[in-house]
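In: Sequence below, structure please.
(chains A and B)
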Amino acid sequence: MIDADPKSYNHPERRTLTEADSGHLAAGLIALTREVWVLADRMAVTEEVLARRGIDIRAEIDAFQPDAEFQARLNAMGQRLVAQVVNAVGGIGAD
Amino acid sequence: MTRQPEGMNTSLTPVLKQRGRASVDFLVHFGRGSQAVCAQGDREIAAAVPDPSSLPDDLDERGRWMEDAMAASRPWRVSQAVGEWHSTMHGLIAREAFEEILPDLQPVIAHFQTNGPATLEPAAPDEAAPFYWQGVNFHRTAGGWDDHPLQGYIHGEIVHRRLVEAMFPGGIFLQRRAIAGMPPRDDYARILDMGASTGHFTAALQETYPSAQITGVDLSLRALEHAQRVANAHGWGWRLYQRPAERTGFAEASFDLVASYILLHELPAEAIRAVFAEAFRVLEPGGDMIMSDVTRYADMDKLGVWRADSGARYGGEPHWRESASLDLAEVARQAGFVDVNAVGLGPRAYPYVVQGRKPL
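Out: So this is what the prediction gives:
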């Protein structure tokens, strides 16, 4: 029977990953960590290069609004990053 | 990401900072980047259920059967984890993005709350919300619709206009406009929007019938506060009330069109019947009704029903099953409507639109 209390839907018990997934999950996390590090390194280097040339871009980055073309590039990059991680956990394209 | 449709932008439109912008965008990337895993999960579901008609009739039993059958599928387990993360995080990420821009927005929000032709009447302090609404985190929004003092802005502008619009470019606004234009007359003078929320469908009604006086009711004060801001920003004189759609308190024959968009699945069956009865009561003789909602379970096979039911279970939709199991055309006829027409639009019969007329 469906639970009569609608508040039971606030935090439903959902079957997701199991112990069997832990090895794949670790692989996905490591892949993600590498990507995050590459990006963090690139960001730090960018800010440092610009700072050495007397340009502080931190505030400009905060306020930056991508145009359609740049947004499309960001979308493709973001989708690719997610696919790398989720596919690694889900075993897609690994064989 | 697709930006807001032309003509919809106002100074209320959020200009997110980098962290918030990239985080909201990430939710979209996350959905799209997970498609391969979800598609593989779907293929494995199809292999496990070659004949959907053989699934158990009882929906709870069917749910357990499917989850047991799919437990061995790694892509399915991962797709569930993906869905769970999205369900729990989208509201929190939108809230975080909002907090980043709040200092810039505060004066604009304050201005449009009070400056303009729209009015808002909150419920009386002793008026308790219905049991089916109180304490429920609809859409698994942390704390529910009214937890954050500016949840209406967060939901209307960031979740809907940024996130959902990016996932279904143009779709959610085009769909509202298409439905607003479906009633039979070219013009209406007094329109009631049942479940006006933050005003997206109300705006479509106003754009379709520019001279109409529009009244909106909803249970969420936070949502209505944002509807008021939206109306004021456009110069629309909406009259908004924090009242249940099934008990509006308006006099009989107050409106010539009563409409709702994707409200009914948030209500149990008893309340839905009461909403149709209330729509009939407040319509003038000859007035029109149009209600749209989610695809009927009767229009899907057993596997499709399980997908919808499972999505509702894990998506913070406690009344979806009752609502989607109802024959809305029959409910409309029982309320007294004539010339009742019900049709599922689109490839998956979504949205499901019911129209009727109060006889003269």
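In: ok, then the element right after the host helix or strand of B:Thr215?
Out: Assessed by DSSP states H and E, B:Thr215 sits inside strand B:213-218. Heading C-terminal from strand B:213-218, the first helix or strand you meet, by DSSP H and E, is helix B:221-234.
In: and that next one with strand B:213-218, angle?
Out: Relative orientation of helix B:221-234 and strand B:213-218, computed by axes from the mean of the first three to the mean of the last three Cα atoms, to 10 degrees: 160 degrees.
In: Give me the spatial nearest neighbour of the residue of chain B at minimum distance from chain A, chain neighbours excluded.
Out: Going by Cβ to the nearest Cβ, chain A is nearest to B:Gly33 of chain B, at 2.6 Å. Bear in mind the C-beta positions are built from the backbone N, C-alpha and C, glycine included. Among residues not flanking B:Gly33 along the chain, A:Val82 sits closest, at 2.6 Å (Cβ to Cβ, 6 or more residues apart in numbering or on different chains).
In: how much space between that neighbour and B:Glu266?
Out: Counting by Cβ to Cβ, to the nearest Å, the separation of A:Val82 from B:Glu266 is 30 Å.
In: Longest helix in chain A, please.
Out: Longest helix in chain A, counting residues (DSSP state H): helix A:22-52.
In: Which residues are in contact with the residue in chain A that chain B sits nearest to?
Out: Closest residue of chain A to chain B, Cβ to the nearest Cβ: A:Val82 (2.6 Å). The contact partners of A:Val82, by Cβ atoms under 8 Å, 6 or more residues apart in numbering or on different chains, come to B:26, B:29-30, B:32-34.
In: what sits against B:Leu105?
Out: B:Leu105 touches B:12, B:14, B:153, counting by Cβ under 8 Å, 6+ apart.
In: Now do the same contact list for residue 33.
Out: No chain specified, so I'll use chain A. Taking Cβ under 8 Å, 6+ apart as the definition, A:Thr33 has no contacts.
In: hm, I was asking about chain B
Out: Contacts of B:Gly33 (Cβ under 8 Å, 6+ apart): A:78-86.
In: So the residue of chain A closest to chain B lies in a helix, does it not?
Out: Yes. According to DSSP: H, G, I helix; E, B strand; the rest coil, A:Val82 belongs to a helix.
In: Spell out which parts of the stretch 251-360 of chain B neighbour chain A.
Out: Within the stretch 251-360 of chain B, the residues that sit near chain A (Cβ under 8 Å from any Cβ of the partner chain) are B:268, B:313-314, B:316-319, B:321.
In: could I get those residues as JSON lines with secondary structure and pLDDT?
Out: Formatted as JSON lines, these follow (DSSP: H, G, I helix; E, B strand; the rest coil; pLDDT from 0 to 100):
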{"residue": "B:Pro268", "secondary structure": "coil", "pLDDT": "97"}
{"residue": "B:Arg313", "secondary structure": "helix", "pLDDT": "95"}
{"residue": "B:Tyr314", "secondary structure": "helix", "pLDDT": "94"}
{"residue": "B:Gly316", "secondary structure": "coil", "pLDDT": "94"}
{"residue": "B:Glu317", "secondary structure": "coil", "pLDDT": "95"}
{"residue": "B:Pro318", "secondary structure": "coil", "pLDDT": "96"}
{"residue": "B:His319", "secondary structure": "coil", "pLDDT": "97"}
{"residue": "B:Arg321", "secondary structure": "helix", "pLDDT": "97"}
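In: Nearest to B:Tyr297 among the residues you listed?
Out: The closest of these to B:Tyr297 turns out to be B:Arg321 (Cβ to Cβ; 7.8 Å).
In: Would you list the phi and psi of the closest residue to the closest one other than its chain neighbours?
Out: Of all residues not flanking B:Arg321 in the chain, B:Asp309 sits nearest, at 5.7 Å (Cβ to Cβ, 6+ apart). Note on B:Asp309: backbone dihedrals following degrees, to the nearest 10 are phi -70, psi -40.
In: can you check B:Leu257 too?
Out: phi -140, psi 130.
In: what does B:Gly235 give?
Out: Torsion angles, degrees, to the nearest 10, at B:Gly235: phi 80, psi 20.
In: How about B:Asp288?
Out: The phi and psi torsions at B:Asp288 (degrees, to the nearest 10) take the values phi -110, psi 150.
In: where does B:Gly287 land in three-state SS?
Out: Per three-state DSSP, B:Gly287 ends up strand.
In: Repeat that for B:Trp236.
Out: At B:Trp236 the chain is in coil, as set by three-state DSSP.
In: quick one: contacts for it?
Out: B:Trp236 makes contact with B:117-118, B:203, B:206, B:214, B:230 under the criterion Cβ under 8 Å, 6+ apart.
In: From those residues, list the buried ones, please.
Out: Taking 16 or more other Cβ atoms under 10 Å in any protein chain shown as the criterion, what is buried in the contacts of B:Trp236 is B:118, B:203, B:206, B:214, B:230.
In: ok, the residues you listed vs B:Ser79, which is closest?
Out: Closest approach between these and B:Ser79, by Cβ to Cβ: B:Ala203, at 34.7 Å.
In: Centre-most residue in the chain?
Out: You didn't pick a chain, so chain A it is. A:Val82 (5.8 Å; Cα atoms, centre = their mean).
In: wrong one, I was asking about chain B
Out: B:Ile262 (4.3 Å).
In: quick one on the thing from earlier: which one of the contacts of A:Val82 has the most neighbours?
Out: Among the contacts of A:Val82, B:Ser34 has the most neighbours (other Cβ atoms under 10 Å in any protein chain shown), with 27 neighbours.
In: Distance of that residue relative to A:Arg73?
Out: B:Ser34 sits at a distance of 20 Å from A:Arg73 (criterion: Cβ to Cβ).
In: got the residues of the stretch 101-250 of chain B near chain A?
Out: So the stretch 101-250 of chain B meets chain A at B:131-132, B:135-137, B:140 (Cβ under 8 Å from any Cβ).
In: If you rank the residues you listed by neighbours, which is first?
Out: Highest neighbour count within those, by other Cβ under 10 Å: B:Val136, with 24 neighbours.
In: what number of residues lie near residue 71?
Out: No chain was given, so I picked chain A. What A:Gln71 shows, counting by other Cβ under 10 Å, is a neighbour count of 17.
In: other chain: chain B
Out: The burial count for B:Ala71: 13, using other Cβ under 10 Å.
In: Quick one: residues contacting it.
Out: A:15, A:18, B:77.
In: Restricting to C-alpha, output stretch B:22-29 in PDB.
Out: Extracted C-alpha coordinates of stretch B:22-29, given in PDB (Å, rounded to 0.1, in the frame of the first residue of the first chain):
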ATOM      1  CA  ALA B  22      28.300  27.200 -13.200                       C
ATOM      2  CA  SER B  23      26.500  25.200 -10.500                       C
ATOM      3  CA  VAL B  24      23.100  25.600 -12.000                       C
ATOM      4  CA  ASP B  25      24.500  24.900 -15.500                       C
ATOM      5  CA  PHE B  26      26.100  21.800 -14.000                       C
ATOM      6  CA  LEU B  27      22.700  20.400 -13.100                       C
ATOM      7  CA  VAL B  28      21.900  20.500 -16.900                       C
ATOM      8  CA  HIS B  29      25.300  19.000 -17.800                       C
END
